[in-house]
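J.: Below are the sequence and a predicted model; questions follow.
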Number of protein chains: 2
Amino acid sequence: MKACGLVVEYNPFHHGHQYHVDKARQESNADVIVAVMSGNFLQRGEPAIIDKWQRAQAALQNGVDLVVELPSAWAVQSADFFAAGAIRILQNLQCDSLCFGTDAKQPFDYAKFAQFEKENQRMIDDAFQRIARQNATYSQKMSMVLSELYPEYHAEKDQPNHLLGMGYAREVLCYEKPMRLVPIQRIAASYHSEQFEHPTIASATAIRQGLKQGEAVVDFVPEATQKFLSQTTVDWETFWPYLQYQIISAPLEKLAAIYQMEEGLEYRLKQYVTAADSFADFIKLLKTKRYTQTRLQRLACYVLFQVTKVEMKEAQAHPFIRVLGYRKQGQHYLKEVKKELTLPLIAKFGKKEAQRYGLSLRIDQIYQQGNPQITEQNFRRIPLFIDK
Amino acid sequence: MKACGLVVEYNPFHHGHQYHVDKARQESNADVIVAVMSGNFLQRGEPAIIDKWQRAQAALQNGVDLVVELPSAWAVQSADFFAAGAIRILQNLQCDSLCFGTDAKQPFDYAKFAQFEKENQRMIDDAFQRIARQNATYSQKMSMVLSELYPEYHAEKDQPNHLLGMGYAREVLCYEKPMRLVPIQRIAASYHSEQFEHPTIASATAIRQGLKQGEAVVDFVPEATQKFLSQTTVDWETFWPYLQYQIISAPLEKLAAIYQMEEGLEYRLKQYVTAADSFADFIKLLKTKRYTQTRLQRLACYVLFQVTKVEMKEAQAHPFIRVLGYRKQGQHYLKEVKKELTLPLIAKFGKKEAQRYGLSLRIDQIYQQGNPQITEQNFRRIPLFIDK
């Protein structure tokens, strides 16, 4: 069987995702669609609106054959780490192709670009060094360099999917049998759009925003998602009291040891934590030109998780594949590739896994702490099975 | 002026405390009554029902002339540390006598007992060593030894005030001019009594219990206390979600570094934290013969405070006298003794104090986190002044 891999967050799963799954099946000509999905905390440094099992279930009911989890040590990270973790899992699962949405302004050959970058690393580094002193972030500078050296390169801040696509392209090159890249032009709603412009397709951001404002989102999501959204949903404000307590109660030197705590940011956290009325307010107070909102949100996650630099490194040294669920075809496929896997495959989370993957367990327990209605996320959970 | 010192918690201040203050004034023949009071967390390892300023105000309105705070590094401790911290402050404040309630079964000469103990330390140690292997706690063993060597000694588990009295007596002997000891027989309600037996006097425990069950406690407390009790009150359940989150999110080795975390207790905390529905339930699950409820409650405080062994030692190396409030006489007295003080006197808590007494600040901020109605406990607070 041939598999096509997707890198997803499904926060929550909506009609646009469904379109993407269908399109992936068509364009890749694969027998199964395998999605690697962020767990209960997401790339942009925020908790998922509904839990990973609920999001996986909606995906399985709407066309995905196999859903595995991207552990938080890779999921809650900048685009490059996120891409590296996700691609590693899909390559390990022997996917033949990788299908991803793109918001590139014109058709773009990702494989060719990555090849160019790989072959000209030295030249790129030199050009980067020359503008090192300009007052710009790393990614801004890299963007300047690449625009100059590679004329087709166009990447702006408002094209996160295009940037992620380039990240995937870089990563697949690290493997002996790189997945074939299948970009799909996104339709209707751009990633960040907060508007409802299309009758049935809206961005996940717009859907979450709409829910918060009490709007009906039934037109934009399949039944399974609708059902879960009508129950408990969470957002950063759910965890704000805990974050606030953590920043207040942790001694400065403990805060300083947190992953990604740099340049005395711990003082800023302590300084503003008692002044803020909400998480949104807190981030607004913290923000400077130097730190983007997502960078600060991820830092807030790390503080909430109490994860140190040492512990994050340790967790990243031990990747694993956690199966969240499958349809019949996905189950067959998993049986077929099982013996080829070099990463540990986890279908049941027991005592041994709790010890080995302590950080993942902790992060899920913290997620559960947000609301008593969130069910147990690990122990005694077996993969979902959708008989389709 | 002559001052009589009291060691108090006032959780909350009630008519029994008022009787104690009046009696102290009579028996000690002092001009001013000085109370050193636990801050927002108490000796038995629990948060105060109302904050330290509210408790101080009720005390000042009902006869106490000067209220200073016993910092949490001494307040939330076993009886011996608690006594050492409190006596140090009262001795430093040049108190002439120390008045304390006792639940001794018959009149007891505390000074004589402490003198005996001091002079016979060697003999006591030897006797203690001989029974070292019996299956009993330290205090049980010490009680056995002293009962044998000092016939008047009678101290049972249900006589915490008698035990504290002996602690005070031991401590005053460390000073050049030890305070004169003035024990007062407690009336009507024993410390732990949960019953209302007297028409106007009940134990603080009974009052808190009554409030929880929605009973009127107006007969047992002065007006000031009544007013505060009708507003925000807190108990351990207020902090239970934060404690639970802290135990879940802290890596094992961080929990192990917490003050008083011994013999692998961190594993027990992790084991039971997700099973418990409430703080009371959690303590019930944790309890063994080896660990008393108060020992576990104090440990829960240390976890909530994130205070390590190192940090507690550091805090205890820097005692200070924090003025919470005074009446006219108390203010005069403070002016009079100011130049004799060897401990830092803090009337206003600013940036410098925040740096120097970080642990105290943090503990108050955690207390504030329990309920948004709790007002700022340190910055911009000046001592209360009651014009009496």
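T.: Received it, and whenever you're ready, just let me know what you need.

J.: which residues sit in contact with the closest residue to chain B within the stretch 51-200 of chain A?
T.: Distances between the stretch 51-200 of chain A and chain B by CB to the nearest CB are smallest at residue A:72, namely 12.9 Å. Bear in mind the C-beta positions are built from the backbone N, C-alpha and C, glycine included. Residues near residue A:72 by CB atoms under 8 Å, 6 or more residues apart in numbering or on different chains: A:38-41, A:305, A:359-360, A:363.

J.: Narrow the residues you listed to those in strands?
T.: residue A:38 (DSSP state E).

J.: filter the contacts of residue A:72 down to the ones close to chain B.
T.: Contacts with chain B within those, as defined by CB under 8 Å from any CB of the partner chain: residue A:305.

J.: tell me which of the contacts of residue A:72 is nearest to residue B:4?
T.: Comparing these against residue B:4 with CB to CB picks out residue A:305 as the nearest, at 51.8 Å.

J.: Check the burial of the nearest residue to the closest one once chain neighbours are set aside by counting its neighbours.
T.: Excluding the flanking residues, the one nearest residue A:305 by CB to CB, 6 or more residues apart in numbering or on different chains is residue A:363, at 5.5 Å. Using other CB atoms under 10 Å in any protein chain shown, residue A:363 has 28 other residues around it.

J.: quick one: residue A:363 and residue A:47 touch, right?
T.: No: using CB atoms under 8 Å, residue A:363 is not in contact with residue A:47; the gap is 9.9 Å.

J.: which residues do those two both contact?
T.: Counting by CB under 8 Å, 6+ apart, the residues touching both residue A:363 and residue A:47 are A:40-41.

J.: Show me the strands in the stretch 151-300 of chain A, by range?
T.: Secondary structure of the stretch 151-300 of chain A, counting by DSSP state E, counting those that start in this stretch: strands at A:180-185.

J.: That one against chain B: which residues are in contact?
T.: Residues of the stretch 151-300 of chain A lying near chain B (CB under 8 Å from any CB): A:241-242, A:244-246, A:248-252, A:254, A:274.

J.: Report the secondary structure state of residue A:50.
T.: With DSSP: H, G, I helix; E, B strand; the rest coil as the basis, residue A:50 sits in coil.

J.: now it, nearest residue through space, not along the chain?
T.: Nearest residue to residue A:50, sequence neighbours excluded (CB to CB, 6+ apart): residue A:228, at 4.6 Å.

J.: got it, and residue A:100?
T.: That would be residue A:165: by CB to CB, 6+ apart, it lies 5.4 Å from residue A:100.

J.: Ends of stretch A:274-287, what's the gap?
T.: Start and end residues of stretch A:274-287 are separated by 16 Å (CA to CA, to the nearest Å).

J.: Can you report how many residues lie near the nearest residue to residue A:179 once chain neighbours are set aside?
T.: Using CB to CB, 6+ apart and skipping the chain neighbours, the partner closest in space to residue A:179 is residue A:98 (4.1 Å). By other CB under 10 Å, 28 other residues sit near residue A:98.

J.: Please list all residues in contact with the residue most central in space within chain A.
T.: The C-alpha lying nearest the average C-alpha coordinate of chain A belongs to residue A:43 (CA atoms, centre = their mean; 3.8 Å). Neighbouring residues of residue A:43 by CB under 8 Å, 6+ apart: A:9, A:75-77, A:79, A:82, A:294.
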